[in-house]
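Colleague: task: produce atomic coordinates for the following.
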Amino acid sequence: GGSVTPPSGSYPQGLLKTFVATPDRDFVFVRWEGTTNTTSNPLTLLVDRDYTLTPVFRPLLYTFSFAPPFAASNLMTPPWAVSGSQPWRIQPPISANESHVLRSGSIGSGQHSTLELLVTTREGSGSFDFRLSSEENWDFLEFYVNGIRRQRWTGELPWQSYPFRLSAGENRLTWRYVKDNSFTSGLDAAFIDNVYVP
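Modeller: Next up, the predicted model:
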């Protein structure tokens, strides 16, 4: 969702160094995470140790969120598609702090539930929020762009955002919840919300 200047590197000890987080188009800077957690931008540091800094950006507006009037039938029509043993579905809020989200289908051992989004985009950053509750190291949420797996998660993970890059043109985004041949843990599901594409 953005970039940092100057880049990562080695700097002389005792130097005061200023770092600037610059958001991509349609993104906004949120905070720095790592050795220093702050919302200051630019950020000036005294180089007196090794620092790990990661800027966090978020989209200004989401391309897809799943509150009404978005309906389960939308997942059956372009630009969406569902496949696998059971389709993804809309889950209403469980508590006042939550919103409507997409949830993977209720599947059995050795099965998968797949959600696809086919979109034409400009080159730039995309992102989505996800949560996972699965059997650690055996059941997975996988994310693909144009058939290439970008990331895979397992176990109990709270809501977090995943950023990714897209080329200009037609892009196919795929989320798969995949189970092994035995056992179940947690809610046995993956959840998606706040999809942004450029």
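
Colleague: in the sheet, who's paired with residue 120?
Modeller: residue 170 (DSSP bridges).

Colleague: per-residue confidence for it?
Modeller: Predicted confidence (pLDDT) for residue 120: 97.

Colleague: list the contacts of it.
Modeller: 169-171 (CB atoms under 8 Å, 6 or more residues apart in numbering). (C-beta placed from N, C-alpha, C; glycine too.)

Colleague: same thing but at 10 Å, please
Modeller: 79, 168-171, 197 (CB atoms under 10 Å, 6 or more residues apart in numbering).

Colleague: from these, which is closest to residue 39?
Modeller: For those, the closest approach to residue 39 (CB to CB) belongs to residue 197, at 26.3 Å.

Colleague: what about the residue sitting nearest the centre point of the chain, distance to residue 142?
Modeller: Centrality entry for the chain: nearest residue to the mean C-alpha point is residue 162, 2.4 Å, by CA atoms, centre = their mean. Distance from residue 162 to residue 142, counting by CB to CB, to the nearest Å: 12 Å.

Colleague: cool, and residue 32?
Modeller: 29 Å.

Colleague: pretty sure the residue nearest to the centre of the chain is touching residue 145, no?
Modeller: No. Using CB atoms under 10 Å as the test, residue 162 is too far from residue 145 to be in contact (11.4 Å).

Colleague: any shared contact partners between these two?
Modeller: Contacts common to residue 162 and residue 145, judged by CB under 10 Å, 6+ apart, are 126, 151.

Colleague: low-confidence regions, the chain specifically.
Modeller: Applying pLDDT under 70 to the chain flags residues 95-96.

Colleague: need the overlap of contacts for residue 162 and residue 142.
Modeller: With CB under 10 Å, 6+ apart, residue 162 and residue 142 have common neighbours 150-151, 153.

Colleague: from those residues, which land in strands?
Modeller: Judged by DSSP state E, the subset of those located in strands is 150-151, 153.

Colleague: can you flag the buried ones in those?
Modeller: The neighbour count (16 or more other CB atoms under 10 Å) marks residue 153 as buried among those.
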